[in-house]
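Q: Test case, fold it:
(2 chains)
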Amino acid sequence: MKKLLLAIFLIICSFNGFSQDIFGGKVTGNFQMDVQASKEDSIIGAERVSEKLLMNAFTNILYTNGDFSAGVRFEAYLNPILGFDPKYKGAGLAYRFASYKKDYLEITAGNFYEQFGNGLIFRSYEERNLGLDNAMDGLKIIARPIKGVALKGVIGKQRYYWEKIWESDDFGLVRGIDAEVSINSLFKKFEASPLQIIAGGSFVSVFDKAEDRFIIEPSTGDNYKLTMPENIGSAAARLQMSYKAFNLNAEYARKGQDPNAVNGYIFHKGEAAYLSLGYAAKGLGINVSAKRIDNMSYKSRRGETGNMLNVNYLPALTRQHAYSLFAMYPYATQVNGEMGIQADIIYKLKKNTFLGGKYGTDLKLNYSIANSIDKEYVQLNPAGNYEGTEGYSSSFFKAGDEIYFEELNLELGKKLSSDFKLNLMYSYQTFNPIAIGHQGEKFIYANIFAADLTQKLKKRSSLRYEVQLLLTEQNYGEWAAGDWIQGTVEYNLGGKFFVAATDQWNYGKLNGEKVHYYNFALGYTKGTTRVQLSYGKQREGIICIGGVCRMVPASNGLFATITSSF
Amino acid sequence: MKKFILIFVAILFCGITINAQTNNKKSTLPTVTINTLEGKAIKASEFSNEGKPFVICFWATWCKPCLMELNAMAELYGDWQKETGIKIYAVSIDDARTCPKVKPLVSGSDWGYEVVLDQNSELKRALGVNNPPHTFIVNEKGEIVWQHVGYAPGDEETLIEVYKKVVKGEEVK
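A: This is a model prediction of the structure:
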């Protein structure tokens, strides 16, 4: 397969040299390289890097010619930068595909990404900065037989670092179908109706070869073999509606028995429900979302924990913060069970009014809460745990008694004059350390503030000043160390160069040195190429994107990034 | 391993030669299907502006420079439209987590752009976008004639200058 694709590529290339009319396609792509040099720093916990220099790089090369396209992604981790799984070590073609797209039919062979509905039972995607990639390798077909109808079919295995997934039975096969109908596109007389309805449904099944697993009674030594389901099915139905300023998005999914390492090998069935209601008028937007997840970890290998081999996507229903101190205690979805609500209100105070001022004011209010679900545990198995049992029963509308995360935040954006723009933000967060696996530590309550001022200078240059403050009385040592303050000054020159200096100071730390995490950055942008160089200290922390998180170890040194699109 | 690198270099080299040879021919928008805010399917290759050039901006609700860019352009958008007939497609790459925030943000901010959703980054990948914000100008023939990554205050002025040149049919870098 790999060789075949490459051969096609090379043939196209060589032909192109002679006749560009026949193979008049285009080659495009992108490129990124991260280089890190970190030195040992025992105070912040940065470990010695034996290689001195670490590097992650990838390039996508895409060939398009009319309805046909093909592409490869070459990746190199020599060796992976800090925080990336060492299993990534190495280089090679991690992704290659060929695709043919017509109006009514799309066929992709090789690697692909795809999502059914909101992703509750199937989403294949990549999050490069987290080192997460669950690309499928197989076949994808999308058919649009008539206007308003889309049918999708996928089959394949998922990427697992550099493992040869097709040579091992350790990696499950993922198969799925999805259908979506836009009622208004289907029937001509409803096309312009203010009521728009889109309905869809999907079915996914994972085949993962059964393994022997026993429960052993400690006193007698009797053992019981668990009968593992080999085919783990899931189904979902969804509805999207809008009527004038109102809109609704709902999806409900169920998963069959799936004893796995994440849920402790229980036979409880999985369930997920998602509901989002919105109101959108000029200058005002409101959205309220709710979800319930019950035992929905869905992987193509039952022994797998961590971020790889996920078949579905269960995002956290909390705000994704851009200011770093606001993301100090990030929340990640509890896939074994959680209930949550999130509300957003976005309002623009009009120009030339008393409150809005000369230029108007943007207000954003966000509230979110994530709670445990109610669990009535069943009887223990002979070994004294829940393995092989139903695990628990749970009533759909009943919340559990544990809060995982709660946040209220308010943001105000205002143009003060033709040269000054101000952004203010406040957040109150309640964080349960159990959500990241810290048992026995009490809630963290934090008040967090940010002020961000941008000043326009002459000749398309600008200055930005930013101050952030995090206040909390909880101080648990390394991972939660009390109060922080952060200051940044950034200078942009003509939209091409920038220099920035940041200091993040953990002045509230009780034990040990109150460290200054200073950082200096320098960058240059030209067209689609961007080079950035930074030097300084990076605190140990968690970065989260879309409810999936990765630990970033402490580092002290140089970091360079080059990105380019061509 | 060695073989891979060799092949890779060969492809890269190939890519460069192709690029060099077809310089007179520019990339067009791919036939990738994404969604409107109402959830309807729309193909990127069908983006248009009544025969005039248009702009595509990749953004996300969690991307601060993107919001700075979109807000800065929104203040000028009315005047730009009157003057040049510009149209801006704002392609959100928000996934299922932050996608519900797109609609309230769009209406709350009252930008006036044509907002579309690229929930699983299909179009982002097809156009080789690394990180948002990433801006494209597409000419009246549907060819991508200009690209820019990142946002610094004042970039919106560069954008409209380049756009005006594209309208006149001038060559841009």
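Q: Report pLDDT for A:Tyr329.
A: For A:Tyr329, the pLDDT comes out at 90.
Q: same question for stretch A:57-73, mean pLDDT?
A: Summarised as a single mean, pLDDT over stretch A:57-73 is 93.
Q: end-to-end on it?
A: End-to-end distance of stretch A:57-73: 10 Å, with C-alpha to C-alpha, to the nearest Å as the criterion.
Q: now the helices for the stretch 1-150 of chain A?
A: Using DSSP state H, counting those that start in this stretch, the helices of the stretch 1-150 of chain A run over A:2-18.
Q: In chain B, what residue spans correspond to strands?
A: Counting by DSSP state E, chain B has strands at residues B:33-36, B:41-43, B:54-59, B:88-92, B:114-117, B:134-138, B:144-149.
Q: Could you pull out the buried residues of the first one?
A: Just to be clear, that refers to strand B:33-36. Neighbour counts over strand B:33-36 (16 or more other C-beta atoms under 10 Å in any protein chain shown) mark B:Thr33, B:Ile34, B:Asn35 as buried. Yep, even glycine has a C-beta here, placed from its N, CA and C like the rest.
Q: Please list all residues in contact with the first one.
A: Same thing as B:Thr33. For B:Thr33, the contacting residues are A:Glu106, A:Ile142, A:Ala150, B:Ala41, B:Ile42, B:Lys43, B:Ala44, B:Glu122, by C-beta atoms under 8 Å, 6 or more residues apart in numbering or on different chains.
Q: which residue sits closest to A:Asn65, ignoring its sequence neighbours?
A: Once flanking residues are discounted, A:Asn65 sits nearest to A:Gly25: 3.0 Å by C-beta to C-beta, 6 or more residues apart in numbering or on different chains.
Q: ignore the last one, B:Val166
A: B:Pro53 (4.6 Å).
Q: Quick one: the strands of chain B as TSV, columns for mean pLDDT and distance to A:Phe267 too.
A: Formatted as TSV, these follow (pLDDT from 0 to 100; distance: least, C-beta to C-beta, whole Å):
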stretch	mean pLDDT	distance to A:Phe267
strand B:33-36	93	37
strand B:41-43	92	39
strand B:54-59	96	44
strand B:88-92	97	40
strand B:114-117	96	38
strand B:134-138	95	47
strand B:144-149	93	50
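Q: returning to that earlier point: return the member of the buried residues of strand B:33-36 nearest to chain A.
A: The shortest approach to chain A among the buried residues of strand B:33-36 belongs to B:Thr33, at 7.8 Å (C-beta to the nearest C-beta).
Q: Bridged to the closest one, which residues?
A: B:Lys43 (DSSP bridges).
Q: Roughly how far does it sit from A:Met136?
A: 18 Å (C-beta to C-beta, to the nearest Å).
Q: Just give me the residue right at the centre of chain B.
A: In chain B, the residue lying closest to the centroid (C-alpha atoms, centre = their mean) is B:Ile56, at 2.9 Å.
Q: What's opposite that residue in the beta bridge?
A: Under the criterion used (DSSP bridges), B:Ile56 bridges to B:Tyr89, B:Phe136.
Q: List the residues that contact it.
A: B:Ile56 neighbours (C-beta under 8 Å, 6+ apart): B:Phe47, B:Ile88, B:Tyr89, B:Val91, B:Thr135, B:Phe136, B:Val138.
Q: And for A:Pro382?
A: A:Ile215, A:Glu217, A:Asp222, A:Tyr224.
Q: mind redoing it with 7 Å?
A: Under the criterion of C-beta atoms under 7 Å, 6 or more residues apart in numbering or on different chains, the neighbours of A:Pro382 are A:Ile215, A:Glu217.
Q: if we can go back for a sec, now the contacts of B:Ile56 in a markdown table, with neighbour count and distance to A:Ala343?
A: Listed next are the contacts of B:Ile56 as a markdown table, based on neighbours: other C-beta atoms under 10 Å in any protein chain shown; distance: C-beta to C-beta, whole Å:
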| residue | neighbour count | distance to A:Ala343 |
| --- | --- | --- |
| B:Phe47 | 18 | 33 |
| B:Ile88 | 23 | 29 |
| B:Tyr89 | 21 | 29 |
| B:Val91 | 26 | 26 |
| B:Thr135 | 27 | 32 |
| B:Phe136 | 22 | 34 |
| B:Val138 | 24 | 37 |
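Q: Could you tell me how many residues sit around residue 90?
A: The chain I'm using is chain A. 16 (other C-beta atoms under 10 Å in any protein chain shown).
Q: Not quite, go with chain B.
A: So B:Ala90, with other C-beta under 10 Å, has 23 neighbours.
Q: separation between it and A:Gly278?
A: 18 Å.
Q: number of nearby residues for residue 130?
A: I went with chain A, as the question did not name one. Using other C-beta under 10 Å: A:Leu130 sits among 18 other residues.
Q: was after chain B, sorry
A: Around B:Asn130 there are 20 residues (other C-beta under 10 Å).
Q: same deal with the one 10 residues further on?
A: Here the neighbour count serves as a burial measure; for B:Glu140 (other C-beta under 10 Å) it reads 15.
Q: what comes up buried for the lengthiest strand in chain A?
A: The longest strand of chain A (DSSP E) is strand A:399-415. In terms of neighbour count (16+ other C-beta under 10 Å), strand A:399-415 has its buried residues at A:Ala399, A:Ile403, A:Tyr404, A:Phe405, A:Glu406, A:Glu407, A:Asn409, A:Glu411, A:Gly413, A:Lys414, A:Lys415.
Q: List the buried residues in the helix or strand hosting A:Gln468.
A: Using DSSP states H and E, A:Gln468 maps to strand A:462-472. By 16+ other C-beta under 10 Å, the buried positions in strand A:462-472 come out as A:Ser462, A:Arg464, A:Glu466, A:Gln468, A:Leu470, A:Thr472.
Q: try stretch A:415-429
A: Buried-residue list, stretch A:415-429, by 16+ other C-beta under 10 Å: A:Lys415, A:Lys421, A:Asn423, A:Met425, A:Ser427, A:Gln429.
Q: okay if I get these as CSV plus pLDDT?
A: Converted to CSV, those look like this (pLDDT from 0 to 100):
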residue, pLDDT
A:Lys415, 91
A:Lys421, 94
A:Asn423, 95
A:Met425, 97
A:Ser427, 98
A:Gln429, 97
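Q: Among those residues, which lie within helices?
A: Judged by DSSP state H, helices contain none of these.
Q: Test my guess that A:Phe112 contacts A:Asn134.
A: No - between A:Phe112 and A:Asn134 there is no contact, the gap being 11.3 Å when judged by C-beta atoms under 7 Å.
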